[in-house]
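In: A structural model of the following input is requested.
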Amino acid sequence: MSIWSVRCFCLRFCRQAHILANRRIIPPPQRLPLAVNGIIRPAHNSLYQMGYADTRSHSTAQDVLKSSQCDKQPEKMNDPCKQPTDPCEEFDRLRRESADEMFGAGAGSGAGGGRGAGGAGDGDDGKKSAEERDKQLKLRCIVGALGALLAGGFIAWLLSRDSKKATGDGTGGQENPEEALKRAKISGLITTPRSSEQLPKSVPYLIIGGGTAAFSAFRAIKSNDARAKVLMISNEYRKPYMRPPLSKELWYTPNPNEDPIKDYRFKQWTGSERSLYFEPEEFFVDPEKLESSANGGIAVAQGFAVKKVDAQNRIVTLNDGYQIAYDVCLIATGCSPKDLPVFRDGPPSVREKVMVYRTPDDFDQLRRYAQEKRSITIVGNGFVGSELACSLAHYSKENNGGRVYQVFQEKGNMSKILPNYLSNWTTRKMEAQGVCVIPDASIKSATRDESQLKLELNNGMTLLSDIVVVCVGCTPNTAMAGPSKLEVDRSLGGFVVNAELEARRNLYVAGDASCFFDPLLGRRRVEHHDHSVVSGRLAGENMTGAKKPYQHQSMFWSDLGPEIGYEGIGLVDSSLPTVGVFALSSDSEKRAENHSEMLAESKTDVVKEIGDSPGVTCDPNEEANYGKGVIFYLKNDKIVGILLWNLFNRIGLARTIINQNKNYEDLNEVAKLFEIHT
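Out: Alright, predicted model coming up:
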């Protein structure tokens, strides 16, 4: 069958369908729009479009969520974020009434009331049924014609594809290599090198993973072995890069409108500028040339994954079966973002509107939505979720963009690390920046219309969103543990390692995927940038024979807009008893004069605001301005964690206090060491 014959067949089929569709067609009577409570309303199927323009309208930081919250809102509805009842209740009622009027009321009038009009009810019913049959027949013909066109086009494409393969432009049926390479680059799924067979058969240093810990380990190896040859195997299609700026600085730095961004440059809070990548492209050695490189270097095999590590024979096996021998190996596979069952188990139409956030590709995708002034829903109140919500609100405000919602089950932002009073205060600050925060809520169901997701929350609210970003934590990548016979911690996850970060002899683990023993705080697994840098560096040193124990107390930091920035170290957990000491502002001094010493209702949080006078303990539930201070986290009356609130360059002192591991009678005196007022 030729392409021409397929085309003739489709034309003949469409002509016959047109003849059948126009046979016995009676012009239908003119219909008036549906009326609800005396108000003219559009037809039922257009109700889903109501509020669509409002969702993309400009908004102020104080009035973040209005009628766009629902498919349709009453005109006098206030901010749904603060509505105790379902903001979509009016829309649902109108939709039900419209449906009843279209299908139920019309049938009732035909069965009873219509007959009273001159006895013509039966004739009208027959005429209407004939019209309905004609409409159905016409619809079926049109659908059949469209189906024939699609089938014909598909057959023609297959024939042309087979014809192209048969000729191949002199290549004997093989696809043009240049075209194949171009297509692979566009899809972003091209490995470097093209085949695993181009990788070395054996290397002195092998690193599994391409993140921060992996690159930090390479730097340490190269410092101790100037001619070291290091092969890094990464399942990503990029060179090593840092992740923290993806949810913070990149959104505050003007970038060219190119998509994707070629060089992810950003301005640090200090004003200096740098790239997201640790090193430029020319810094790395081609994997095919690593063995012949006289001065060594690092080669990155992009787009490959390791299935198994044979620690006894020192051999790793890739997913395609290719094997590489090593002298010393490091596992730095990091972690993967979690998804929610309501989305993971949903239909494809829903899943294509849901994403996680971890890579530059995710940044590119989300930036496109923000540039198109779309409504974005962030699920989660942790580091990435809260930072991303603030960054998107700032970006949308600067570009007159869409709205940003943040939904989470907890009562306030960063509730797993911040005391209740500080978490609630942070939530109010985020709302002032333009984020519509919806706490104490989870997503019960998600459905899809032509353009948006409709999210039903367990508190009765309904959200319409163009995209949903799930930020609910990470799971360590330990899939190779079973085939490799490596131990994984049952409660914390991650590969179990000894004090030197060694899982087996000459096999080390660093970064998010390592579960190590902290002499002060017990066994831990940490997912912070500083831990990845330091543990990777130590593992790299030990791979060259240093044999040092890991005793570092890693720190973390976060920025939530211009008013909130904090650094933490140690065991920072809101479930522990805390004592917070804050610098008094002028307003706080007046308020503190009327208070005697009181404890928080939870009996675990103590807030002390200090000025030049002795410390005064105040009720954390009252409105306050926690502009600058320090929070101590206690376990067995010892300081196990410290959070520096809008205090910087003091993390060394905090680390020293935790390492002392002793009781302090007056934490107010300890707080003075941090010079809160300077």
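
In: tally of neighbours for Asn400?
Out: Neighbours of Asn400 under the rule other CB atoms under 10 Å: 11. All C-beta atoms are positioned from the backbone trio N, CA, C, and that covers glycine.

In: check which helix or strand covers it.
Out: Here Asn400 sits in a region with no helix or strand, counting by DSSP states H and E.

In: Run through the residues that contact Leu199.
Out: Contacts here follow CB atoms under 8 Å, 6 or more residues apart in numbering; on that basis Leu199 touches 193, 231, 287-288, 301, 304, 322, 324.

In: Try it again at 6 Å.
Out: Listed by CB atoms under 6 Å, 6 or more residues apart in numbering, the contact set of Leu199 reads 287, 301.

In: Please confirm that Glu669 is located within a helix.
Out: Yes: assessed by DSSP: H, G, I helix; E, B strand; the rest coil, Glu669 belongs to a helix.

In: how near is Leu340 to Gly493?
Out: Distance of Leu340 to Gly493, computed by CB to CB, to the nearest Å: 18 Å.

In: Likewise for Tyr237?
Out: 26 Å.

In: go on, Val300?
Out: In terms of CB to CB, Val300 sits 26 Å off from Gly493.

In: same thing with Ser386?
Out: According to CB to CB, Ser386 stands 23 Å off from Gly493.

In: Look at these two and report which has more neighbours.
Out: Ser386 (29 against 17).

In: which intervals of the stretch 401-550 of the chain have sub-threshold pLDDT?
Out: Counting by pLDDT under 70, the stretch 401-550 of the chain contains no low-confidence residues.

In: What segments of it are strands?
Out: Using DSSP state E, counting those that start in this stretch, the strands of the stretch 401-550 of the chain run over residues 404-407, 435-438, 443-448, 453-457, 462-465, 467-470, 474-476, 495-496, 502-504, 507-509, 514-518, 522-524.

In: so can I have JSON lines of those showing mean neighbour count and distance to Lys373?
Out: JSON lines is the format used below for these (neighbours: other CB atoms under 10 Å; distance: least, CB to CB, whole Å):
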{"stretch": "strand 404-407", "mean neighbour count": "28", "distance to Lys373": "11"}
{"stretch": "strand 435-438", "mean neighbour count": "26", "distance to Lys373": "15"}
{"stretch": "strand 443-448", "mean neighbour count": "16", "distance to Lys373": "20"}
{"stretch": "strand 453-457", "mean neighbour count": "20", "distance to Lys373": "17"}
{"stretch": "strand 462-465", "mean neighbour count": "24", "distance to Lys373": "13"}
{"stretch": "strand 467-470", "mean neighbour count": "24", "distance to Lys373": "12"}
{"stretch": "strand 474-476", "mean neighbour count": "18", "distance to Lys373": "30"}
{"stretch": "strand 495-496", "mean neighbour count": "24", "distance to Lys373": "44"}
{"stretch": "strand 502-504", "mean neighbour count": "20", "distance to Lys373": "49"}
{"stretch": "strand 507-509", "mean neighbour count": "27", "distance to Lys373": "44"}
{"stretch": "strand 514-518", "mean neighbour count": "22", "distance to Lys373": "42"}
{"stretch": "strand 522-524", "mean neighbour count": "13", "distance to Lys373": "43"}
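
In: Who are the contact partners of the residue lying closest to Arg358 once chain neighbours are set aside?
Out: Nearest residue to Arg358 in three dimensions, chain neighbours excluded: Pro337, at 5.1 Å (CB to CB, 6 or more residues apart in numbering). Pro337 sits next to 356, 358, 474 when contact means CB under 6 Å, 6+ apart.

In: any weak-confidence spans in this protein?
Out: 1-134, 148, 152-189, 259, 585-606, 608-624.

In: and if we set it to 80?
Out: Applying pLDDT under 80 to the chain flags residues 1-141, 143-189, 255-262, 269-270, 562, 584-625, 677-678.

In: before we move on, back to that, for Asn224, which of the strands of the stretch 401-550 of the chain is the nearest?
Out: Proximity to Asn224 (CB to CB) singles out strand 507-509 among these, at 14.2 Å.

In: what's that closest one packed up against?
Out: Strand 507-509 sits against strand 323-331, with contacts defined as 3 or more CB pairs under 6 Å, 6 or more residues apart in numbering; DSSP states H and E.

In: List the neighbouring strands of the strand it packs on plus their orientation.
Out: Note on strand 323-331: by DSSP bridges, its sheet partners are strand 202-208 (parallel), strand 315-318 (antiparallel), strand 507-509 (parallel).

In: which of those is buried the deepest?
Out: Counting by mean count of other CB atoms under 10 Å, strand 507-509 has the highest mean neighbour count of the strands paired with strand 323-331, with a mean of 27.

In: I'd like to check what contacts it. Which residues are they?
Out: Residues outside strand 507-509 that contact it (CB under 6 Å, 6+ apart): 311, 329-331, 495, 497, 501-503, 539.
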